[in-house]
Structure formats: C-alpha cells, structure tokens
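In: Only the shape, not the letters, is given here:
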C-alpha cells in the first residue's frame, strides 16, 4: 500500500528513523484505513503518498518537536481515525495510550487497528468535556494531544484538564495559527504556552505545533458543557 522506502526517507529527513517492524505496521494501517473508509467516513485522504505525508508524517512530527522521553502515558482527545496517537504508538509502543472519541464507529475501526498491529491502546467512548471531569481521567496524563481545526482556546478547555501538573498539552494545527489569541484560556486552565512552532510539512503544507505546559491545577468548573465552550469560549 505505502512505498516503504519513500516513507522511510521522508521520515529520516525529519530525524525520525523507522525500522522494518514499524514500516510493516504503517503499511497495514494504511491498507485498513482505505478499506474501512469505504464503509464509514474516516478520511478524505486515501492516496498512498498523501497518507504517508498528511496522516503518518504529520502525526510523527510531534516526536520531532516534543521530547517524549519522560512520557509514560498519553491521551488523544478526539482520536478520529487514530491521528496523531496511533503513528506515535507505532514509534513508541512503551507509552500507555488512551484514545478518546465520541463516535463509537471510529472506536470500532481503532479496535481493529489496535489488534492488527499488535498494539495495546485503551479505547474510550466518551465526550472530552465529560471525561475531563471524571476522576479516572482528570489530571492523570503526562501528555494530552489533539489534531483538530477547532480554535486553540476551545481545544485548550477540552484537553488541558486531562494533564497532570508538569505535563503538557500539544496541539497539532494547520496554517490558521490562532495560538497567540488563546493566552487567556491557557492561563485560566492552569497552563503556560511553552512553544509555538511553525513549519512546512513536506516542504509545502503549512503546520503549527503548540506546546502548553501544565503549571497548576485546572479549576474544577472546567471543562464546561460543550455548548458553553463553543458559545462562550475563554
């Protein structure tokens, strides 16, 4: 499905080195993504070269810009078809990953990926604003991540409550960089913007990775209900 040599070289250009086991897992992942996409709407990206760049490398770029050495557990908030969490888990299988999504059909797909790749992610069917208030998930993770088009202040309210003090929330965003406008939300939620990196994916696609360090507990009223988050963002 994917061109393993091409994809391996693409990753190496960004300091990410894949072994044969990893490459085989990425190949299986790509084939299953295209196969399942015919049953349910998972992605508009189905060409092998596009999957390699816009799904797999796009997810793995988090590794380039954030040090995972001290991360023992992580949560992908709104995991969708498994990006960025599953590519990172392929690369770092020792991390205990929780993949949270509100749509059960996506979790059905992720369960198949989990099994076929021999990985062991925890799959949770829930909304972020609900689990973010639950004892089992609130402030339990070294790292929370999201790859989404939502504004940074909205993403922050959904994601920062999951992070323990000293941990981080990492947002993978497109060229519409609104991170600078989210300062108040980040501060209110107990975070501090640590870095905001813009780069070009594959030399053409504008991307931004924002890292928010959790420096204090999130006030108990956050996250609020979804409607309030969207209509009255911090």
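Out: Done, it's in. Since the model is a prediction, treat every value here as computed from it, not as a measurement.
In: Does residue 201 touch residue 55 like I think?
Out: No: using C-beta atoms under 8 Å, residue 201 makes no contact with residue 55, being 10.8 Å away. Glycine gets a C-beta too; all of them are placed from N, C-alpha and C.
In: more crowded one of the two?
Out: Neighbour count, other C-beta atoms under 10 Å: between residue 201 and residue 55, residue 55 has more, with 23 against 16.
In: next SSE after the longest helix anywhere in the chain?
Out: Counting by DSSP state H, the longest helix found in the chain is helix 20-37. Once the chain leaves helix 20-37, the next helix or strand it forms, by DSSP states H and E, is helix 48-50.
In: Summarise which helices and strands the helix or strand just after that next one is packed against.
Out: Going down the chain from helix 48-50, the next helix or strand is helix 58-65, by DSSP H and E. Counting by 3 or more C-beta pairs under 8 Å, 6 or more residues apart in numbering; DSSP states H and E, the packing neighbours recorded for helix 58-65 are helix 85-91, strand 141-147, strand 163-173, strand 191-201, strand 205-214.
In: residues of the third one that come out buried?
Out: When burial is assessed from 16 or more other C-beta atoms under 10 Å, strand 163-173 yields the following buried residues: 163-164, 167-173.
In: Can you give the distance from that strand to the centre of its chain?
Out: 10 Å (C-alpha atoms, centre = their mean, to the nearest Å).
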